[in-house]
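Chemist: Sequence first, predicted model second:
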Amino acid sequence: MTVMQAPTYRRAEYHGFDAGGSDFVYLVSAGAIFEIDTDVRAVLDRLDGQELTHAALVRELVAEGRAAEEADGLVRELRQARLIHLGHAMPVAQVPQAPPADFPLQALVLNVTNQCNLACTYCYEFGADKIATPAGKPKYMTLDTAMASVDLLIAEAVGRKSVHITFFGGETLMNFKLLRDVVAYANHATAAAGKAITYSLTTNATLLTPEIVTFLSDNRVGVTVSMDGPPEVQDKHRVYKNGKGSYAVIEPRLRTLIAHHKTRAITARVTLTEGVTDVVRIFRHLKDDLGFHEVGFAPVTTGEERAYSLDGNGMDSVLAQFNSLADEWLEYALRGESHGFTNVSETISELISGVNKSHPCGAGLGLMGVSPSGDLSPCHRFTDADTHTMGHVSSGIDRAKQGEFLAKGHVEAKYDCQSCWARPLCAGGCHHEAFVRYGDTGHANLHYCDWIRQWTDTCLRIYGVLSVRNPGFLERFVERKGLS
Amino acid sequence: MKHLRAINKKAQRIDEAVTQMEAAAAPNADMEEDVVALQQAPRPHVPMGCSLSFSPGWEVDASGGTAGLCQPVERDIYDCYVTCFWPVQVPDHVNYSPDWASNCATATKDWRSLDLVFP
C-alpha cells in the first residue's frame, strides 16, 4: 500500500559562502550567484537536513514574526528561482545532451613545429608521459598545410564574426617564417570572408628578436611565455639539451618584448613541479622584476609519480600561496587596480558569466589542434598522437571521432562529478590530464577535486566581496575582458 | 526579486525569468501542489516503464542479459495481473474476463496461449 503524502520542500544543490559581511549562494544547477538576506537564510536553515510541506514551512516562518503573505512570497520567490524544490518537482537527471553537431569552430592551435630548442624535463610533448607519436611525420608545418588550416577554420566557423589562431609548438619561433606568412594569408582570407581574426602565440622566448617583437606587436599577436621564474627556478627544468639553463638567454629578450610589444597583454605561464612551488616569489619576479602583465600557474601534468610531480603536500603549499596572492588580487581590485594573477582573473571571468559547462574546455568543440602534418586533434596537447586524430585539414573534421570524444568528455557522463558543487566551472577538468593520468579523456580528474573546490570557493568569496564593496570593478572587468 | 540579489549574469537571467513568471501568475496562485503519480516518498528506485512496481530479478540478469533471470520474463504479465493496482495492463479478471489466463499454466512455456480479450 502506498501512502500519499503532501509534497515537501527541499533545498536545491548550492554552495553557500559568506563574504564582505553578506551571505551568498552559488546555485549549482545554473552557475548563478545570489546575495541572500536573512529571510532566505531562515528558509535554508529550516530545510537543512529535513523536508517541510508548504503549510509547515509557512507556519514556521510566520511563528517567527513574519506576515503570512510575506512568508508566502518568500517561499514563492525561492521556488521560482529554484533555490528550493517542492518534493516531486525535483528535476530528473538528464541524459548528457550532445552539443549541436554543427557547433561552429572558433579557434585553431597550429603546432607549427614539433621541434624544440629546449629540453624541459617535464614537457608533456617529449617527456615520460608523452602521448605523441611523431615518428615519420613532418617536423615543420608547411605553408600549404597552414593555409588549408585557415581555410578550414573559416569554413567551419559558420556564423561567427571572429576567429582565432594560436601558434604553438615545439618552439613556435623555430618556424617564424611560416608564422609570418600565415598571418598575412589569414588576414587576407578572413577579411574576404567578412570575419575578424585575432592571434596568439606561446613561446619559450629564447628566439625572440627585435624584428619578431615588432611583427608581433604590429599584428596584435598576444604572447604567452612559458617560463618558471627567477634564474635558479627557471634553470631547474627549462634547460637546453646540454643541460644548460635558459634564463640568461631569455631575460634580455623578455625585456625587449615587454618594452616594445604594446598592443596585447604579455602573459607568463608557469609550470609548477616538485621543488618549484614558491608561487609568491615567482609571481613577484615575473610581475615586478620582468614586467609581465599577467602571470598564470598550473601544476605539471604527469601520469604515475614522476621525480618532478607535485605531491599532495606540494599542492597544499601551492594552494596556500595561491590564496595569499588571491588576497592581494582582491586588495588591488578593491582599489580598482588590476593585479595580474591570471588564475584569479580567469575564474572571476567565468563567475561573471555564470558558466555552466558541458565540457571542461573548448577542446574538440570550438577549438582544435593542428599537427605539423595537418592532422586535427582535440587540442594542442593531443597533436601528433595517433590515438586522438580527429580528421585532417584537407579532409575536414572527423565527426564520428569528434562525437565520441565529446560524448565521453561531457560532465554528465562523469559519475564522480554529479555530487560536486564545482562542476559548472570544472566539468571534470582537462581531457589531456585525464588521459595521461587515467588513460581516458572522459575520466574526472579526481586527483585535484579538493583543490578545485577550495580554489573555486576562494574566488567566489573574492567575487562576493567585490559585489558588495566595489561592484564597479566587476563591471569594468567585464568590459576589459570583452565578456559582454 | 525581493530576497535574492542577482550578482552575476546567470543570476540576472533567473531574476528576469522570475519577474516574468510573477507577471504571468494569478495573484493568489495555489502554492500547494496537486496529488500526482509517483509522488510517494521514498520514491521508487526502479526504472519507470509501463509498470509502477517490479519484482526484482526479471528485467535483466547480473550480466545485463536475460538468460540468467531468477524469474522468467513472462512472469511480468502475471505480476501486473495479480499484484499491481494498475488497472489497464491486463484484462479485468474479476468482472469480465475471469478465464483469460486459464490456457496458460506455465508462463515460461505457454505464455503464447494467453487469450486476447476484446472488451
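Modeler: Looks like it came in fine.

Chemist: Contacts for stretch A:37-56, please.
Modeler: Outside stretch A:37-56, the residues within contact range by CB atoms under 8 Å, 6 or more residues apart in numbering or on different chains are A:6-11, A:16, A:23, A:25, A:36, A:57, A:60-61, A:64, A:66, A:74-75, A:78, A:83-84, A:86-87, B:3-4, B:31-32. Heads up, the C-betas are built off the backbone N, CA and C, glycines and all.

Chemist: In strands, which of those residues appear?
Modeler: Secondary structure from DSSP state E places A:8, A:9, A:10, A:11, A:16, A:23, A:25, A:36, A:84, A:86, B:4 of the contacts of stretch A:37-56 in strands.

Chemist: Show me just the buried residues among those residues.
Modeler: Buried subset of the ones in strands among the contacts of stretch A:37-56 (neighbour count, 16 or more other CB atoms under 10 Å in any protein chain shown): A:8, A:9, A:10, A:11, A:23, A:25, A:36, A:84, A:86, B:4.

Chemist: separation between residue A:329 and residue A:353?
Modeler: Noted for residue A:329: a distance of 19 Å to residue A:353, by CB to CB, to the nearest Å.

Chemist: do the same with residue B:6
Modeler: Computed as CB to CB, the residue B:6 to residue A:353 distance reads 13 Å.

Chemist: what's the answer for residue A:263, then?
Modeler: 25 Å.

Chemist: more crowded one of the two?
Modeler: residue A:353 (15 against 11; other CB atoms under 10 Å in any protein chain shown).

Chemist: Surely that one touches residue B:11?
Modeler: No: contact between residue A:353 and residue B:11 fails when scored by CB atoms under 8 Å: they sit 10.8 Å apart.

Chemist: Touching, residue B:8 and residue A:355? I think so.
Modeler: No: using CB under 8 Å, residue B:8 makes no contact with residue A:355, being 9.7 Å away.

Chemist: Give me the common contacts of those two.
Modeler: Counting by CB under 8 Å, 6+ apart, the residues touching both residue B:8 and residue A:355 are residue A:31.

Chemist: how about residue A:287, what does it touch?
Modeler: For residue A:287, the residues meeting the contact criterion (CB under 8 Å, 6+ apart) are A:295, A:340.

Chemist: Over to it. Which of the three states is it?
Modeler: Using DSSP: H, G, I helix; E, B strand; the rest coil, the structure places residue A:287 in helix.

Chemist: before we move on, back to that, just checking, which of the ones in strands among the contacts of stretch A:37-56 comes out lowest on pLDDT?
Modeler: Across those, the smallest pLDDT goes to residue A:86, namely 84.

Chemist: what sits against the closest residue to chain A within chain B?
Modeler: With CB to the nearest CB, the shortest gap between chain B and chain A falls at residue B:10, namely 2.5 Å. Residues counted as contacts of residue B:10 (CB under 8 Å, 6+ apart) are A:30, A:31, A:32, A:33, A:353, A:354, A:356.

Chemist: at 7 Å what do you get?
Modeler: Each residue near residue B:10 by CB atoms under 7 Å, 6 or more residues apart in numbering or on different chains is listed here: A:30, A:31, A:32, A:354.

Chemist: Ok, residue A:330 next?
Modeler: A:462, A:465.

Chemist: Could you check the pLDDT of it?
Modeler: At residue A:330, pLDDT is 97.

Chemist: Now stretch A:455-464: buried residues?
Modeler: Judged by neighbour count using 16+ other CB under 10 Å, the buried positions of stretch A:455-464 are A:455, A:456, A:458, A:459, A:460, A:461, A:462, A:463, A:464.

Chemist: Show only the entries of those found in helices.
Modeler: In helices, defined here by DSSP state H, the members of the buried residues of stretch A:455-464 are A:455, A:456, A:458, A:459, A:460, A:461, A:462, A:463, A:464.

Chemist: Where does the prediction get shaky in the stretch 151-300 of chain A?
Modeler: Counting by pLDDT under 70, the stretch 151-300 of chain A contains no low-confidence segment.

Chemist: the strands in it, which residues?
Modeler: Taking DSSP state E, counting those that start in this stretch, the strands of the stretch 151-300 of chain A run over residues A:162-168, A:196-203, A:221-226, A:266-272, A:294-299.

Chemist: For residue A:128, which non-adjacent residue is spatially closest?
Modeler: Take residue A:128 and drop its neighbours on the chain: the residue closest to it by CB to CB, 6 or more residues apart in numbering or on different chains is residue A:306, 6.1 Å away.

Chemist: Can you pull the phi/psi pair for residue A:108?
Modeler: In terms of degrees, to the nearest 10, the main-chain angles of residue A:108 are phi -120, psi 140.

Chemist: how close does the closest residue to residue A:318 other than its chain neighbours get to residue A:450?
Modeler: Excluding its sequence neighbours, the residue lying closest to residue A:318 (CB to CB, 6+ apart) is residue A:277, at 5.1 Å. Separation of residue A:277 from residue A:450 (CB to CB) stands at 17 Å.

Chemist: swap in residue A:40?
Modeler: Applying CB to CB, the value for residue A:40 to residue A:450 is 28 Å.

Chemist: Show the pLDDT at residue A:128.
Modeler: pLDDT, residue A:128: 72.

Chemist: Return the residues in contact with the closest residue to residue A:375 other than its chain neighbours.
Modeler: Spatial nearest neighbour of residue A:375, chain neighbours left out: residue A:389 (4.9 Å); criterion: CB to CB, 6+ apart. Applying CB under 7 Å, 6+ apart, one finds that residue A:389 lies in contact with A:375, A:376, A:377.

Chemist: Next, residue A:389: phi, psi?
Modeler: According to degrees, to the nearest 10, residue A:389 has phi -60, psi 140.

Chemist: pLDDT weak spots in chain B?
Modeler: Applying pLDDT under 70 to chain B flags the ranges B:26-64, B:66-90, B:107-108, B:119.

Chemist: Output the longest helix belonging to it.
Modeler: Longest helix of chain B, by residue count under DSSP H: helix B:9-24.

Chemist: can you pull the buried residues of that one?
Modeler: Going by neighbour count (16+ other CB under 10 Å), the buried part of helix B:9-24 is B:9, B:10, B:11, B:14, B:15, B:18.

Chemist: And for stretch A:49-64?
Modeler: Residues A:51, A:52, A:53, A:54, A:57, A:58, A:61 are the ones in stretch A:49-64 that count as buried (16+ other CB under 10 Å).

Chemist: Could you check how far it is from the centre of its chain?
Modeler: 42 Å (CA atoms, centre = their mean, to the nearest Å).

Chemist: got it, and stretch A:177-184?
Modeler: 28 Å.

Chemist: quick one: contacts of it?
Modeler: Stretch A:177-184 is contacted from outside by A:112, A:141, A:143, A:146, A:150, A:167, A:172, A:199, A:215, A:219, using CB under 7 Å, 6+ apart.

Chemist: So how do I select the buried members of those residues in ChimeraX?
Modeler: A single ChimeraX command selects the buried members of the contacts of stretch A:177-184 (16+ other CB under 10 Å):
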select /A:112,141,146,150,167,172,199,215,219
